[in-house]
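1. with the sequence up front, the predicted model follows.
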Amino acid sequence: IVLSINMSTRRIPSRVNEVLQRFRHEIEEVRDKVLKQCEFADPDLYVNLRTKDGHALKQLNCWMIFKKDFHKEMTNPEHNLYQQICDEFNIPGKERVHMVGDLARKYWKEMEEIRDKFKHLADRVKEQMQVNPIHDTLKRRPNKRNPDKVFIPFIE
């Protein structure tokens, strides 16, 4: 599990600071809710996360879990926070999603305890994602070039 992610290559836009000045209290409520959820989260909820095109995520680390949950809570229609921010600051199209990601990244960079809480959850998710080696070899398909040759695992 990757804990130190180099996110310093992308600068956090100044718009994020403006949004935080206006909506800091509401955004911190969302952040705290995400932190509480992660402490009692079921790792099975994160094992089969897939992208929109159906591909499985290659590596589900602490940062990805936090970002996904933060984004889900920020865009939750119950809070109406996402729509308020976008309307007040007149944020167009794709920039809306980037703005939520930038807010998540800003909190992630600032707070060490976020990383510690999500490390525990990410470790549990990693355990759930590991495939039994025997089960893995039994599921292999025949060789495409030589279809008669099938891998048979050695089991003691």
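-> Perfect, thanks for sending it. Numbering: from 1, shown residues only.

2. tell me which helix or strand in this structure has the weakest average pLDDT.
-> helix 133-138 (a mean of 51; mean pLDDT, DSSP states H and E).

3. work out for me the element the spatially closest residue to residue 75 that is not a sequence neighbour sits within.
-> Setting aside the residues directly before and after it, residue 75 is nearest to residue 82 in space (C-beta to C-beta, 6 or more residues apart in numbering), at 4.7 Å. C-betas here are computed from N, CA, C, even on glycine. Per DSSP states H and E, residue 82 falls inside helix 81-89.

4. against which helices or strands is that helix packed?
-> helix 14-39, helix 93-110 (3 or more C-beta pairs under 8 Å, 6 or more residues apart in numbering; DSSP states H and E).

5. can you say which of those helices is nearest to residue 77?
-> Closest approach to residue 77 among these (C-beta to C-beta): helix 14-39, 13.2 Å.

6. which strands and helices lie in contact with that closest one?
-> helix 62-74, helix 81-89, helix 93-110, helix 112-129.

7. got the angle between the last one and helix 14-39?
-> With axes from the mean of the first three to the mean of the last three C-alpha atoms, to 10 degrees as the criterion, the two stretches helix 112-129 and helix 14-39 enclose an angle of 50 degrees.

8. now swap in the shortest one and tell me
-> Helix 81-89 runs at 170 degrees relative to helix 14-39, counting by the same axes, to 10 degrees.

9. what angle sits between helix 81-89 and helix 62-74?
-> 80 degrees.

10. what does helix 81-89 rub up against?
-> 15, 18-19, 22-23, 26-27, 30, 74-77, 91, 96, 99-100 (C-beta atoms under 8 Å, 6 or more residues apart in numbering).

11. between these, which is closest to residue 67?
-> For those, the nearest to residue 67 is residue 100 (8.8 Å; C-beta to C-beta).

12. burial measure for the closest one, as a count.
-> Residues lying near residue 100 (other C-beta atoms under 10 Å) number 25.

13. go ahead and confirm it touches residue 71.
-> Yes. Here residue 100 lies in contact with residue 71, judged by C-beta atoms under 8 Å, at a distance of 5.2 Å.
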